[in-house]
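Trainee: no sequence for this one, just the structure:
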DNA sequence: TTGTACGCGTTATCAC
DNA sequence: GTGATAACGCGTACAA
C-alpha cells in the first residue's frame, strides 16, 4: 500500500534523493544520462510524486476552494463548469463545498479551506447577495466572489449587470407593444432582485408608462412557488399582457400557471426570463430570456483569482452585461378590446 | 502571510510543541489547565491546524476525488450533491474534476488524484457505461463507481436497475391501453441504453405485443437531437401513440417536436421519461418518468467508499430500483380509428 | 504530565 | 553535477 518515494528511487539508482528530485523535475543541473536512468527507474517502480509533501515545503498547494450555495442548482453548476476548466488548465485542483446558504456552514467551510492551505478561494452564488461571512477580510488567502457582494472594497468580485439587463428585457416587451407588464420577482433574490426590479422601473419610466404596484409580485426564485404567485396576477381585473421574471426557473413556473389557466404564450401573455439556463431553449414555447455568460463568469473569476496569487490585481469589481435572447415566448400583444392594442415600432 | 504553527504557540505558552499538539486534539494526557491555557493562546493567535502537514505524517488526507463526466449535467450535479453531503458530514473534503468523457483526461485526473494522495476516488457518470481507464485496478486507493461498470469484479459500484425500471415504465403505457409504443433511445447511452431497450422489449413480450423495429430510434440523450429524431417517428404511416424516452432530456426534446407538429400531449401522444430531473415536474405537461434516487445514490456510493477506507467491503455491486412517477404526460390513447381503442384495466 | 528525538516526502541551500 | 543537511508543520514513541 505504501507508495514509492524519491528515497526508494535514490537507493535503487545509487544516487542521493535530492538528485532524484532534480532529475524528475527536469533540472538542467543533472547529467542527462543520470537523469534518464532515474526517470526509467521511477517509471518502472510506478512512482507518483507526493503533492502533499511538496505543498508542505513549497507552501503552495495548487488547490483552490470553491464555496457554493448549492451545486445542484443549474445556474451554479454552469458557473462551476467554467471554474473547474480554468483551474485545471492552470494546474490547480478544486475543492468544492456546499454551504446551503447557511452562515454557520459558510464559516466552517472557509475555515476548512484555510486548514487545507488552499491557494485561493472562490465563492459562487446563483443570486447576487451580500455574503454573511464577516471573517472574509482577515482571510489569509485571496478570495473572489461570483454574484456575491461584500462591503469591503478590497474583496474582488464578478457579477452580472442586473439593472441594465433587466431594463433591456423590459424594453423589449415595450417595443413589442406591451403596456401592462408585470414583474415576477424573487423575495430571496437579495440585491439581484432589487436590481432587476430597478431595471424594470427604469424601462417603464423611459417609456413614460405608469408604474402599477399591483403588477409586482414575488416568488422564491423556484418554479413551484412562481407558479402559485403567477396565479395571483390572474385575479386582477385587468390582467397583464406580459411578465418579466426574475429568472428562468421563475419563468418556468409562470408558464405552468399560464397553461393551467388555458391561456397561450405568447398570444395571451408574453413571458421573459433571466439566466438562459440550458432548459430555456426547451420550454413550451422556448423562452425569451437574458443570457448570463455563466461559463465565462466562472472562468473570469478564476482567472482573477489566479492572477491575485502572483501579485496585486488592478480590476477588483467586474460587472458583465447580459444579452437578450429572443425566442418564442414573447410577441406583440394580441388585441382583446380597449386595453393593449398597439403596434410595435 | 505566514500562518502560525504549533511551535509558535509552544514558544508563547512556554511548553514543547508536542504538548500543544496534544492539547489541541483534546488528548487526555495533558493537564486540563495547561490545555486550556494553550487553547486560549491558539485562539488569540488565530491558529489553524495545517491539514497538509498532518496529512503527510498521518498518511491520511481526509480528501476524496470525484471524477465526473460533466458537472454541468443536471443529473450528475444532483448525484454530486449527495456525494458532497455525505463526505462533508464525515469530515472529508472533495476534489472534483471534469473529464468530459475523454479517456486521456480520465487518466490524467486519476493520476493527479493519486499525487494528491486522496483517500479514495469516486467516479460519477450520468450514463451507465464502461469506464475506459485501464489502470483502475492498479490504483493504490479504493474506488467506487456510480453508473459506470468495469470488468474487474473487485471494483465497487452503485447503479440503477435500468432493465426493470424501463419495463415498469413501458408496462405503465401498456396498462393505459397503448399498443404502438416507440422507444427514443440514446446511442451514446452505452449499457444503460441497451438495458432500457431490453426493458422495453421485455414489457412488449410480456404483453404479447409484436416488436416493431421501425418504432425504435436513437438520439444522443440531449433535447436538440431528440427533437429531430422524434420527427422521424411522425413520418411513419401509422404513428405511435406513446413514446418511452431514454431520459428526461430526451423527453423534453420529444415534447418540443410534438408541440411543433401541433399535436397534444398526452391526448395525441403519451411521453414517458427517465431520471426525474428537477425540471420534469415543470415541462408542459409535467412529465411521467422513472425517478432515480440521485441524491441517495451519491450518498450510498460515498458511504461505501468511506467504509472501504476502514476495511474490506462485502457488497460490491449495488443495483437500485427506479420508481415510476406518473404525472400528466401519459394517459390512455384517444381513439382515432381502428388502431388503438382499448380501456385501461 | 511533559519534553526529546525522530520521521513523513519533498524542495532548498549549501558545500564539494 | 552531485551529495549532505536542513526545513516545511505535525504526530508519535519513548524517556523523563
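Mentor: Received, thanks. All values derive from a computational prediction rather than experimental measurement.
Trainee: How is the residue positioned nearest the centre of chain A assigned, secondary-structure-wise?
Mentor: For chain A, residue A:79 is the residue whose C-alpha lies nearest the centre (C-alpha atoms, centre = their mean; 4.0 Å). Classification of residue A:79 using DSSP: H, G, I helix; E, B strand; the rest coil returns helix.
Trainee: Which helix or strand in chain A has the lowest average pLDDT?
Mentor: strand A:120-130 (a mean of 88; mean pLDDT, DSSP states H and E).
Trainee: next structured bit after that strand?
Mentor: strand A:143-149 (DSSP states H and E).
Trainee: Name every strand pairing with the next helix-or-strand element following that next one and say which way it goes.
Mentor: Along the chain past strand A:143-149, the next helix or strand (assigned with DSSP H and E) turns out to be strand A:156-160. Paired with strand A:156-160 in the same sheet, following DSSP bridges, are strand A:143-149 (parallel), strand A:317-320 (parallel).
Trainee: which one of those lies closest to residue B:224?
Mentor: strand A:317-320 (26.2 Å; C-beta to C-beta). Heads up, the C-betas are built off the backbone N, CA and C, glycines and all.
Trainee: got a list of contacts for the closest one?
Mentor: A:153, A:156-161, A:292-293, A:296-297, A:300, A:304 (C-beta atoms under 8 Å, 6 or more residues apart in numbering or on different chains).
Trainee: Swap in 10 Å and give it another go.
Mentor: A:144-146, A:149, A:153, A:155-165, A:292-293, A:296-297, A:300-301, A:304 (C-beta atoms under 10 Å, 6 or more residues apart in numbering or on different chains).
Trainee: for the record, mean pLDDT for it?
Mentor: For strand A:317-320, mean pLDDT rounds to 93.
Trainee: Please apply the same query to stretch A:280-291.
Mentor: On average, stretch A:280-291 scores 96.
Trainee: how long is that stretch end to end?
Mentor: Stretch A:280-291 has an end-to-end distance of 10 Å (C-alpha to C-alpha, to the nearest Å).
Trainee: now the strands for chain A?
Mentor: A:63-68, A:93-98, A:120-130, A:143-149, A:156-160, A:181-186, A:216-219, A:242-245, A:270-275, A:288-291, A:317-320, A:323-325 (DSSP state E).
Trainee: and the third one, anywhere near chain B?
Mentor: Spelled out, that is strand A:120-130. No: using C-beta under 10 Å from any C-beta of the partner chain, strand A:120-130 never reaches chain B; the gap is at least 11.9 Å.
Trainee: Can you name every helix or strand that that strand contacts?
Mentor: Applying 3 or more C-beta pairs under 10 Å, 6 or more residues apart in numbering or on different chains; DSSP states H and E, one finds that strand A:120-130 contacts strand A:63-68, helix A:74-89, strand A:93-98, helix A:103-115, strand A:143-149, strand A:156-160, helix A:190-206, helix A:294-310.
Trainee: What subset of the contacts of strand A:317-320 is buried?
Mentor: A:144-146, A:149, A:155-165, A:292-293, A:297, A:300-301, A:304 (16 or more other C-beta atoms under 10 Å in any protein chain shown).
Trainee: most tightly surrounded among the strands of chain A?
Mentor: By mean neighbour count, with neighbours taken as mean count of other C-beta atoms under 10 Å in any protein chain shown, strand A:242-245 ranks first of these at a mean of 30.
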